[in-house]
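**Student:** What follows is a protein structure lacking sequence information:
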């Protein structure tokens, strides 16, 4: 059985190949410590069969590809980094408190823009909606979600997802690999004991820049959702000092 701790070079090479040759991962201090810790924790905490190893590699590879797209986008549109993200509306709350349903409902209001799943996965300035089918990145995300929903129909009941639907900013911040989402994919006590004590500022600054990129040609206020941000409220308001917060509640015993 291979050691995933030795897979870093493979992951970076494969991410560059799957991105069509993009090269720049940029600020290594922003993502490498978390990625290395995850690889080591998977080796230390799990005894994965080959299918589990392949799943782990796939989950770790996606955010690297996203980072390549983001860095390419900032190079092509450096002007976006001068546009502030003003007064976003951010939905937070414990899991199963209706955050997703509320996010999807409010996203129907055309006054807002939100991060669609395919643009979270492949950050770029949001093209006009009528042109999305012309983008291979969009078509790939549509095919991926179709395959996931066919393989695990109940997943779509628990948390409906689609390439063209707004989704959680958690899927952006996880691209720094210092995030609570990773412990929900696998039981990783080594990683779970490590990540809360790390500096989470870089992932929120990265989030801010990705939103600037996706909304480069859209002046509407952002509508965002991230239940996990209740654990990082000071950083959330440091990043978005004029944010408007919606905090959902439900009896914890019912959840």
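**Tutor:** Arrived safely. Note that this is a predicted model, so its numbers are computed, not measured.

**Student:** tell me the centre residue of this protein?
**Tutor:** residue 171 (1.5 Å; C-alpha atoms, centre = their mean).

**Student:** mind checking pLDDT for the residue nearest to that one when sequence neighbours are not counted?
**Tutor:** Closest residue to residue 171 apart from its sequence neighbours, by C-beta to C-beta, 6 or more residues apart in numbering: residue 120 at 4.8 Å. No exception for glycine: its C-beta is placed from N, CA and C like everyone else's. Residue 120 is assigned 98 on the pLDDT scale.

**Student:** ok so residue 120 is a strand residue?
**Tutor:** No. Counting by DSSP: H, G, I helix; E, B strand; the rest coil, residue 120 falls outside a strand, being helix.

**Student:** ok, the residue nearest to the centre of the chain - contacts?
**Tutor:** With contact taken as C-beta atoms under 8 Å, 6 or more residues apart in numbering, residue 171 is in contact with 117, 120-121, 181.

**Student:** can you list the weak-confidence ranges in the stretch 1-150 of the chain?
**Tutor:** 1-2 (pLDDT under 70).

**Student:** pLDDT score for residue 255?
**Tutor:** pLDDT, residue 255: 69.

**Student:** Kindly write the ChimeraX command that selects the buried subset of the contacts of residue 171.
**Tutor:** Those of those that count as buried under 16 or more other C-beta atoms under 10 Å are selected in ChimeraX with:
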select :117,120,121
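
**Student:** any idea which helix or strand carries residue 35?
**Tutor:** In this assignment (DSSP states H and E), residue 35 forms part of helix 28-45.

**Student:** who touches that helix?
**Tutor:** 3-5, 7-8, 11, 25, 48, 56, 60, 63-64, 67, 175-179, 182, 186-191, 194-195, 198, 202-203, 206.

**Student:** For PyMOL, what selects the buried ones among these?
**Tutor:** Listed next is the PyMOL selection for buried residues among the contacts of helix 28-45, using 16+ other C-beta under 10 Å:
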select buried, resi 4+7+11+25+48+56+60+63+64+67+175+176+177+178+179+182+186+188+190+191+194+195+198+202+203+206
